[in-house]
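1. Predicted model and sequence follow; I will ask about them next.
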Amino acid sequence: MSGKVKKTDEQWQERLSPEEFLVTRKKGTERAFTGKYHDHHEKGMYVCVCCGQELFRFSEKFDSGTGWPSFWEPVSQESIKEKSDHSHGMTRTEVLCSKCDAHLGHVFPDGPKPTGLRYCINSVSLDFEEEKEE
């Protein structure tokens, strides 16, 4: 991983849509079942919308029924970071991009095997890079 990406709010607002900015930089959440990747089944890599870092593989995606893209494992533990989140009267674990600190979503201990984890991620925090046929 190359160096950290740091920008001001103004610089992020120039680069991101209003919804991308709200979710990734201000810790917002898109409405369930409205994101472009909640029912997406193409082969490829999900990357951070802010900095392009690889985050999740299509092969670790599963249908959690929650309305958000869900993954049982990130590309690597180095691609994300986790932080305790006590907002909205509950305790959760926030998932951030380790390169640019974009808010991605949350991780919960109710996912499938082999990890038992559910990385519940906002579609708007992701871009998708389709797998190239060789």
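-> Looks like it arrived, so ask away.
2. which non-adjacent residue is nearest Thr9?
-> Residue 9: Asp, not Thr. Arg25 (6.5 Å; Cβ to Cβ, 6 or more residues apart in numbering). Every C-beta, even on glycine, is put in place using the N, C-alpha and C of the backbone.
3. residues in contact with the nearest residue to Lys99 once chain neighbours are set aside?
-> Once flanking residues are discounted, Lys99 sits nearest to Gln53: 4.4 Å by Cβ to Cβ, 6+ apart. Contact partners of Gln53, counting by Cβ atoms under 8 Å, 6 or more residues apart in numbering, are Met1, Val47, Ser79, Cys97, Ser98, Lys99, Cys100.
4. Out of those, flag the one nearest to Arg31.
-> Compare each of the contacts of Gln53 with Arg31 using Cβ to Cβ and the shortest gap goes to Cys97, at 21.6 Å.
5. got a list of contacts for the least confident helix or strand in the chain by mean pLDDT?
-> In the chain, the helix or strand scored least confidently by mean pLDDT, DSSP states H and E is strand 80-85, which has a mean of 94. Here strand 80-85 makes contact (Cβ under 8 Å, 6+ apart) with 55, 74, 91-98, 101, 104, 106-107.
6. 7 Å instead?
-> Contacts with strand 80-85, where a contact means Cβ atoms under 7 Å, 6 or more residues apart in numbering, come from Leu55, Pro74, Thr91, Arg92, Thr93, Glu94, Val95, Leu96, Cys97, Ser98, His106, Val107.
7. Show me which of the residues you listed are buried.
-> Buried by 16 or more other Cβ atoms under 10 Å: Leu55, Pro74, Arg92, Glu94, Val95, Leu96, Cys97, Ser98, His106, Val107, out of these.
8. now the strands for this structure?
-> Using DSSP state E, the strands of the chain run over 44-48, 54-57, 61-62, 70-71, 80-85, 92-97, 103-108, 118-121, 126-130.
9. Could you export stretch 119-128 as PDB, CA atoms only?
-> C-alpha atoms of stretch 119-128 as PDB (Å, rounded to 0.1, in the frame of the first residue of the first chain):
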ATOM      1  CA  TYR A 119     -19.000  -6.600   6.400                       C
ATOM      2  CA  CYS A 120     -22.100  -4.500   5.700                       C
ATOM      3  CA  ILE A 121     -20.800  -1.900   3.200                       C
ATOM      4  CA  ASN A 122     -22.500   1.100   1.600                       C
ATOM      5  CA  SER A 123     -22.500   0.800  -2.200                       C
ATOM      6  CA  VAL A 124     -21.800   4.500  -2.600                       C
ATOM      7  CA  SER A 125     -18.500   4.000  -0.800                       C
ATOM      8  CA  LEU A 126     -17.400   1.500  -3.500                       C
ATOM      9  CA  ASP A 127     -16.400   1.400  -7.200                       C
ATOM     10  CA  PHE A 128     -16.300  -1.800  -9.100                       C
END
